[in-house]
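A.B. asks: sequence-free structure coming up:
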């Protein structure tokens, strides 16, 4: 019985893909209102990480989905969804993110912030990455199902750091 964290930079497909998986999904966004101090001027929830950790129970054979799911202690494996910043920029703009928020998320994706943070929680053998840049949502979900069933391995290394050079 494995407890997964499905995480990644905003726009990588966490919520959309998780809806197609065959396991119980625990969406962190469902707990934002009860685990926050309200919303910022930009409309984003100001989440109290300690509070949300107390409010969320992660059952065996479930998937905790959200961009900071990897920060929970009782996770067995972490799946980090990744996306080429050249593709991610359009997804974030479609959401209406501010120029600053788009840039912040692109930089985080380019340097692999969430993967690095995941390595602080679990050994690299319990962390997998899936690049969603060119897959459809259903293709990505099918790949994750195969991975969770032990039929395939996922990417061990995804590096978009060179994208930063294109921005300057």
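C.D. replies: In hand now; what should we look at? Quick caveat, the model's predicted, so the values are computed rather than measured. Numbers count the residues shown, from 1 in each chain.

A.B. asks: run the chain-centre distance for the helix or strand harbouring residue 100.
C.D. replies: Residue 100 belongs to helix 99-110 when assigned by DSSP states H and E. How far helix 99-110 lies from its chain's middle: 14 Å, per Cα atoms, centre = their mean, to the nearest Å.

A.B. asks: buried residues of it, list them for me.
C.D. replies: 102, 104-106, 108-110 (16 or more other Cβ atoms under 10 Å). Glycine gets a C-beta too; all of them are placed from N, C-alpha and C.

A.B. asks: other residues contacting the helix or strand bottoming out on mean pLDDT in the chain?
C.D. replies: Lowest on mean pLDDT, DSSP states H and E among the helices and strands of the chain sits strand 36-39, with a mean of 76. Contact partners of strand 36-39, identified using Cβ atoms under 8 Å, 6 or more residues apart in numbering, comprise 45-48, 51.

A.B. asks: just the helices in the protein please.
C.D. replies: Here the chain has its helices, by DSSP state H, at 14-18, 49-55, 85-94, 99-110, 113-119, 137-148, 163-166.

A.B. asks: out of the ones you listed, the one nearest residue 24 is which?
C.D. replies: Each of those was scored for nearness to residue 24 using Cβ to Cβ, and the closest is helix 14-18 (10.3 Å).

A.B. asks: helices or strands up against that closest one?
C.D. replies: Secondary-structure packing of helix 14-18 (3 or more Cβ pairs under 8 Å, 6 or more residues apart in numbering; DSSP states H and E): strand 4-8, strand 24-27, strand 62-65, helix 137-148.

A.B. asks: please identify the most buried of the helices of the chain.
C.D. replies: helix 14-18 (a mean of 21; mean count of other Cβ atoms under 10 Å).

A.B. asks: contacts for it next, please.
C.D. replies: By Cβ under 8 Å, 6+ apart, helix 14-18 touches 6-8, 25, 27, 29, 63, 65-67, 81, 132, 137, 140-141, 144.

A.B. asks: the helices of the chain: which one's closest to residue 77?
C.D. replies: So among the helices of the chain, helix 137-148 is nearest, using Cβ to Cβ, at 8.5 Å.

A.B. asks: quick one: that closest one to chain centroid distance?
C.D. replies: Mean-position distance between helix 137-148 and its chain equals 15 Å (Cα atoms, centre = their mean).

A.B. asks: what does it contact?
C.D. replies: Contacts of helix 137-148 with the rest of the structure, by Cβ under 8 Å, 6+ apart, involve 2, 4, 6, 13, 16-17, 20-23, 79, 81, 128, 130, 132, 135, 152-154.
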